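# What follows is a predicted protein model with its sequence.
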Amino acid sequence: MDRKEIKGIIEGILYIWGESLSIDSMAEILELSKDEVKNIIEDMKNEFNYNRRGLQIIQIKDAYQLSTRVEHYDYIKKLITPKNNKGLSNAALETLSIISYKQPITRVEIESIRGVKCDKSINTLIEKGLVEEKGRLDRTGKPIIYGTTNNFLKHFGLRDINDLPKLKELKDIDLLDENNTK
Amino acid sequence: MDRKEIKGIIEGILYIWGESLSIDSMAEILELSKDEVKNIIEDMKNEFNYNRRGLQIIQIKDAYQLSTRVEHYDYIKKLITPKNNKGLSNAALETLSIISYKQPITRVEIESIRGVKCDKSINTLIEKGLVEEKGRLDRTGKPIIYGTTNNFLKHFGLRDINDLPKLKELKDIDLLDENNTK
Amino acid sequence: MKYNITLESFEGPFDLLYHLIEKEEVDIYDISIAKITEQYIDYLSLMEELDLEITSEFLIMAATLLEIKSKMLLPNTKIEGEQIEMEEADPREELIQRLIEYKKYKIAAEKFKKREEVHSKVFYKPREEIEIYNESDTINLEGLELKDLIKAFDNIIKKNINKKSSKEFHKIKREEITIDEAMNLIRNKLNLNKHVFFDELFENRVTRSNIISIFIGILELIKLKEIIIYQDNNFSNIKLRQI
């Protein structure tokens, strides 16, 4: 089986599966090592981009998925109307940004940063599958700790949590163009 | 818009549409003449084959569709879970129940409820004479609308479709729908 | 309402403070507590006048601000007799630190918002229905009862309720019917039947926007003199027929 053939099979499998498929599953199906699969799929990712294909391969942790391209939105929109998600409220976004940077984190800690109650926004985020309970702290009251999900990564087009812009950088940028943020 | 860009858009559109899409619809979306579209898509067909891509473009009358390759079936099969043998598969039954309660309904609508593609189940149901095409919607892509047959009523001992038990929860799901589309 | 002010809604006391500081265009480190406190409390009274709910968090912050303000008024005490240099820390210190911390996430949230906008333009296709149909196995419908069908639908509803709008953000959905489509739908029905009951048109079209489209469609067709509506008797079902 040559490399081109393997790429073809991976494309077919990703197409059929629709959702993100882990390197592990692909390696099993192709009877190849994970490293080989990873190497090949990274290759494919670049080829898809280089050839300006209509599809792209996106990565969510160690899983891959096909999707359309942002640039083609205007055309795809003519065929299919997206579910109009209003997007998250400011409160939810603030809460989410704290959770994403400080996870695992308890509700009380989030609230002390935001200065307001956050139970509603946390619930919204859980309902939307962006945040989940990651367990409980072993201290009085056994508070729940929260973290982000894979769906969070997908929702914001992030490969993994390290893809988040560094908070420090944010601060620096902010100090520089203090006036641009208004 | 160069030729490569157009090819990309066509690929994206065929991918998201999932079933065959007419040259007419593509020409409308791309704002190009039918001849141009036809010329380009024939080109793409050859390229896909020449590059031994995992997907191929197949033609059905004057419409085109993406599909996986027969040669890859053995690998794709590994993604598949065998169904239980008796009667309708769960998938078909789910699909049938959605069609019966929400008819007339398009394939994409059924899929957005089930979260998986439903073309095979729909075909099974048509073969079994439980579901039939009721026409097409007059919009881009001209999607087929489906409904249940008299045979369906007979099979389930219903006088007419209003005989289907009303479910209290039916309301809830519509409310959900309604909220999500705004 | 007689007030002409557009009141921004603030996510909490920090959000409000942050806004006041930005408006003044001063560095967080240089804030004048007296001024900020005054503005903050003015704002709270405005909220009160407008009958907006002021949560306890806003009040606690007001108290904190007043406390800091009063500390700032006290002279920097050095108790000489005991030779202890009480180099008082800046009473604003803690508040400033918290504001800076808050600001980081507020900015991050703005970035998230932009990312979300961009990424909502990416689409995924649903998974293919992948079940092997054993060719030798003919599917038979015997034994399939209504209760199986209802159970299947019930399961879907439960699944959907659990899922709510969650998980699949980019799931695709086509538009609900437009007025033009509603008009065609009515025309089609009337091509097939001599008359159609008004009620019948709304069956299975339970979302509000569909009902509205169909209703407007009927009115349009009447205006175009394509159809008329009538009743056989008072209070009997309204019927539509072509002219």
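Okay, I see it.
# list the contacts for residue A:106?
A:137, A:143, A:144, A:145, A:146 (CB atoms under 8 Å, 6 or more residues apart in numbering or on different chains). C-betas here are computed from N, CA, C, even on glycine.
# Tell me the buried residues within those.
Among those, those classed as buried by neighbour count (16 or more other CB atoms under 10 Å in any protein chain shown) are A:145, A:146.
# Would the helix or strand containing residue C:109 count as contacting chain A?
Assessed by DSSP states H and E, residue C:109 sits inside helix C:93-119. Yes. Using CB under 8 Å from any CB of the partner chain, helix C:93-119 reaches chain A at C:98, C:101-113, C:115-119.
# coming back round to it: taking the contacts of residue A:106 one by one, which sit in strands?
A:144, A:145, A:146 (DSSP state E).
# residues contacting the first one?
Going back to what we said before, that points to residue A:144. A:106, A:107, A:133, A:135, A:136.
# helix/strand/coil for the third one?
Going by DSSP: H, G, I helix; E, B strand; the rest coil, the secondary structure assigned to residue A:133 is strand.
# hang on, it packs against residue A:149?
No. Look at residue A:133 against residue A:149 with CB atoms under 8 Å: they stay out of range, at 10.5 Å.
# which of these two has more neighbours?
residue A:149 (17 against 12; other CB atoms under 10 Å in any protein chain shown).
# Run through the bridge partners of the closest residue to the more buried one other than its chain neighbours.
Sequence neighbours aside, residue A:132 is the residue nearest to residue A:149 in space, at 5.1 Å (criterion: CB to CB, 6 or more residues apart in numbering or on different chains). Beta bridges link residue A:132 to residue A:147, judged by DSSP bridges.
# ok, how many other residues are close to residue A:132?
14.
# cool, and residue C:225?
8.
# On the C-terminal side of the helix or strand containing residue A:10, identify the next helix or strand.
If you go by DSSP H and E, residue A:10 is part of helix A:3-17. Using DSSP H and E, the helix or strand that follows helix A:3-17 in sequence is strand A:21-22.
# so does the helix or strand following that next one get close to chain C?
Once strand A:21-22 ends, the next helix or strand along the chain (criterion: DSSP H and E) is helix A:23-30. No. Helix A:23-30 stays out of contact with chain C when judged by CB under 8 Å from any CB, the minimum separation being 12.7 Å.
# Could you count how many residues lie near the closest residue to residue A:131 other than its chain neighbours?
Distances taken as CB to CB, 6+ apart put residue A:125 closest to residue A:131, at 3.9 Å, once the chain neighbours are dropped. For residue A:125, the neighbour count with other CB under 10 Å is 24.
# Residue A:125 and chain B: what is the separation?
17 Å (CB to the nearest CB, to the nearest Å).
# got a list of what that residue touches?
A:88, A:92, A:95, A:96, A:99, A:131.
# orientation of the host helix or strand of residue A:47 relative to helix A:3-17 in degrees?
In this structure, residue A:47 sits in helix A:34-50 according to DSSP H and E. Helix A:34-50 and helix A:3-17 are oriented at 80 degrees to each other (axes from the mean of the first three to the mean of the last three CA atoms, to 10 degrees).
# Helix A:34-50 and chain C, any residue contact?
No. Helix A:34-50 does not reach chain C (CB under 8 Å from any CB); its nearest approach is 13.7 Å.
# which helices and strands does that helix pack with?
Taking 3 or more CB pairs under 8 Å, 6 or more residues apart in numbering or on different chains; DSSP states H and E as contact, the helices and strands that helix A:34-50 lies on are helix A:3-17, helix A:23-30, strand A:55-60.
# So for the last one, what gets flagged as buried?
Spelled out, that is strand A:55-60. A:55, A:56, A:57, A:58, A:59, A:60.
# So the last one sits against residue A:159, correct?
Yes. Proximity of residue A:60 to residue A:159 meets the contact threshold set by CB under 8 Å, at 6.8 Å.
# Are there residues contacting both of these two? Which ones?
Joint contacts of residue A:60 and residue A:159 (CB under 8 Å, 6+ apart) are residue A:153.
# right, and residue C:230 touches residue C:236 too?
No. Using CB under 8 Å, residue C:230 is not in contact with residue C:236, being 9.8 Å away.
# Okay, now the unreliable bits of chain A?
Within chain A, the ranges that satisfy pLDDT under 70 run A:81-85, A:168-182.
# Give me the distance between the most centrally placed residue in it and residue A:128.
Central residue of chain A (CA atoms, centre = their mean): residue A:153, 1.2 Å from the mean position. The gap separating residue A:153 from residue A:128 is 13 Å, by CB to CB, to the nearest Å.
# cool, residue A:159 as well?
Residue A:159 is 20 Å from residue A:128, by CB to CB.
# repeat for residue A:14
25 Å.
# re the thing from before, let's see which of the contacts of residue A:125 end up in helices.
A:92, A:95, A:96, A:99 (DSSP state H).
# For the second one, which non-adjacent residue is spatially closest?
Translated: residue A:95. Residue A:95's closest residue in space is residue A:121 (CB to CB, 6+ apart), at 4.0 Å.
# Just confirm the one you found is within a strand.
No. With three-state DSSP as the criterion, residue A:121 is helix rather than part of a strand.
# Now that it has come up, it's in contact with residue A:92, right?
Yes. Between residue A:121 and residue A:92 there is a contact at 4.6 Å, judged by CB under 8 Å.
# These two: who's more crowded?
The neighbour count for residue A:121 versus residue A:92, taken as other CB under 10 Å, is higher for residue A:121 (25 against 22).
# Show the contacting residues for that one.
A:89, A:91, A:92, A:94, A:95, A:96.
# Can you tell me the number of residues neighbouring residue A:157?
Residue A:157: 18 neighbours (other CB under 10 Å).
# I'd assumed it was in a helix, is it?
No. The assignment for residue A:157 (three-state DSSP) gives coil, which keeps it out of a helix.
# The closest residue to it other than its chain neighbours and chain B: what is the separation?
The shortest distance from residue A:157 to any non-neighbouring residue, by CB to CB, 6+ apart, is to residue C:119 (4.0 Å). Residue C:119 is 16 Å from chain B, where distance means CB to the nearest CB.
# wait, residue C:119 sits on residue A:87?
No. Assessed by CB under 8 Å, residue C:119 is found out of contact with residue A:87, at 10.3 Å.
# of the two, who's got more company?
residue C:119 (18 against 14).
# show me what contacts that one?
Neighbours of residue C:119 in contact, by CB under 8 Å, 6+ apart: A:70, A:155, A:156, A:157.
# May I ask which of these has the most neighbours?
That'd be residue A:155 among the contacts of residue C:119, by other CB under 10 Å, with 24 neighbours.
# Roughly how far does the residue of chain C found nearest chain B sit from residue A:97?
Chain B sits closest to residue C:153 of chain C, with a gap of 3.6 Å, by CB to the nearest CB. Residue C:153 sits 40 Å away from residue A:97, going by CB to CB.
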